[in-house]
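>>> Provided below for reference: sequence and predicted model.
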Amino acid sequence: MARSVGKKSQYIQSLSPGQAVDDLFLLAGANQAQSKNGPYWNLTFQDATGTIDGKIWSPKSLEYPVLEPGCPVRVRGFVESYRDRNQLKVDQMDVFEGFAPGTDLSDFLPASATPPEVLMEALEDLVTEHMRHKPWKTLCRKVLCNEEIRARLLTAPGAKTVHHAYVGGLLEHTLGVARACMALCDVYPDLDRQTLLAGAIFHDLGKAWELSGGLANDYTDEGRLFGHIQLGMEKLEPFLARCPRLEEGLKLHLKHLITSHHGEHEFGSPVRPKTPEAFVLHFADNMDAKLNIIDQAYADMDKTGATWSPYMRFLERNVFRPEPTPDNAKKQNAKAENQCLLPLKA
């Protein structure tokens with residue numbers, strides 16, 4: 001099978017009954033069933049905006065003896081309405097073994113609201129702004145500019161399911177943790193700002209190898225066997241070895257920040273935090289993850305107008321959306337941004 005080609009232009013969220021469809025989707029589900037006219041396929045297609053069910057009826061279904069979820073497909077057909085829900089009647093479907101190089105995965109999978117390239121640039125800006133010790137700056141830039149590492153970071157999710165579990169999620173989480181750490185350095189000026197920033201940038205680096213990403217977003221073999229903390233240390237070690245001007249004590253502290261950022265042994269931390277910077281990184285990491293979980297709960301609650309979430313297993317509680325304090329300045333800014341700017345008459 002070939003790899004998919006072409007740029008996506010039709011999105012599931014905007015499809016309407018009677019509309020012709022000819023575009024790329026991700027095959028998210030496939031199971032075969034039997035009707036009086038022969039076997040048929042029940043399919044689920046996915047893109048970044050949602051999912052839609054589809055059918056391939058007999059005898060066309062016989063052209064597809066096996067269909068495996070997780071591959072890109074080009075679907076030609078049209079949209080039907082079935083029980084007040086959109087459904088795709090598939091006339092032709094081309095199945096590909098994978099996405100072509102350069103394909104924007106955020107077209108097909110849930111993704112960060114901010115493009116990963118923008119997140120990466122913001123992370124690099126923090127290095128420029130806060131790294132005054134040249135060996136620290138050199139290390140961070142060499143790691144972030146490494147071709148393999150950069151490519152993985154730009155698509156990696158932040159977790160399998162719990163928080164930031166979408167394309168660009170790892171970078172979004174890393175940037176959030178780094179910004180929180182820098183803000184706390186303003187409150188506690190005795191903190192080692194530069195070592196803390198390096199720890200924040202690299203604390204979850206191993207997740208880019210721990211998780212497969214894509215539709216499955218499952219743990220890789222090395223992820224299951226070693227975990228992201230050890231994987232991250234293995235990826236960093238060659239860079240640290242080639243950075244002789246970085247003091248050994250700073251290298252030691254960076255390794256401690258990474259290996260202790262989960263905080264407690266029961267949460268998968270090989271060691272517990274033993275420096276002020278390690279405590280700050282642990283709490284910033286925990287805070288950013290939990291607030292993302294709550295943000296996702298709020299997004300679901302917005303669809304129904306609920307003020308309480310269902311019970312959330314990872315937080316061990318329901319969460320409540322309180323009434324916000326009125327912010328007139330925010331309303332005025334929003335009004336100004338939405339005003340139509342018309343040319344002045346001469």
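Received the coordinates, thanks. No experiment lies behind these values; they were computed from the predicted model shown.

>>> Now the element after the top strand by length along the chain, going C-ward?
Longest strand of the chain, by residue count under DSSP state E: strand 20-35. Downstream of strand 20-35, the next assigned helix or strand under DSSP states H and E is strand 38-47.

>>> what's the spacing between the closest residue in space to residue 311 that isn't next to it in sequence and residue 10?
The shortest distance from residue 311 to any non-neighbouring residue, by Cβ to Cβ, 6 or more residues apart in numbering, is to residue 318 (5.5 Å). Yep, even glycine has a C-beta here, placed from its N, CA and C like the rest. Plainly put, residue 318 is 38 Å away from residue 10 if you go by Cβ to Cβ, to the nearest Å.

>>> Which one of these two is surrounded by more residues?
Between residue 318 and residue 10, counting by other Cβ atoms under 10 Å, residue 10 is the more crowded of the two (16 against 11).

>>> What separation is there between the more buried one and residue 76?
Taken as Cβ to Cβ, the span from residue 10 to residue 76 is 11 Å.

>>> Low-confidence ranges, the stretch 101-250 of the chain, go.
By pLDDT under 70, the low-scoring segments of the stretch 101-250 of the chain are 215-216.

>>> can you map out the helices along it?
With DSSP state H, counting those that start in this stretch, the ranges of helices along the stretch 101-250 of the chain come out as 116-130, 134-145, 147-153, 169-187, 193-202, 207-210, 221-226, 228-241, 248-260.

>>> before we move on, the earlier item: and the residue nearest to residue 311, what is it in contact with?
Contacts for residue 318 (Cβ atoms under 8 Å, 6 or more residues apart in numbering) come out as 308, 309, 310, 311, 312.

>>> cool, residue 16 as well?
79, 86.

>>> Let me know the secondary structure of it.
Following DSSP: H, G, I helix; E, B strand; the rest coil, the label given to residue 16 is coil.

>>> Over to it: give its phi and psi.
phi -140, psi 150 (degrees, to the nearest 10).

>>> quick one on the thing from earlier: CA atoms of the longest strand of the chain as PDB?
Presented in PDB, the C-alpha positions along strand 20-35 are these (Å, rounded to 0.1, in the frame of the first residue of the first chain):
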ATOM      1  CA  ALA A  20     -20.700  14.700  -1.700                       C
ATOM      2  CA  VAL A  21     -17.400  13.700   0.000                       C
ATOM      3  CA  ASP A  22     -14.000  13.100  -1.500                       C
ATOM      4  CA  ASP A  23     -11.300  13.500   1.100                       C
ATOM      5  CA  LEU A  24      -8.800  12.000   3.600                       C
ATOM      6  CA  PHE A  25      -9.900  10.700   7.000                       C
ATOM      7  CA  LEU A  26      -8.500   8.400   9.700                       C
ATOM      8  CA  LEU A  27     -10.100   5.000   9.900                       C
ATOM      9  CA  ALA A  28     -10.900   4.900  13.700                       C
ATOM     10  CA  GLY A  29     -13.000   1.700  13.700                       C
ATOM     11  CA  ALA A  30     -14.000  -1.100  11.500                       C
ATOM     12  CA  ASN A  31     -16.100  -4.200  12.100                       C
ATOM     13  CA  GLN A  32     -17.800  -6.500   9.600                       C
ATOM     14  CA  ALA A  33     -21.500  -7.500   9.900                       C
ATOM     15  CA  GLN A  34     -24.000  -9.600   7.900                       C
ATOM     16  CA  SER A  35     -27.200  -8.500   6.300                       C
END
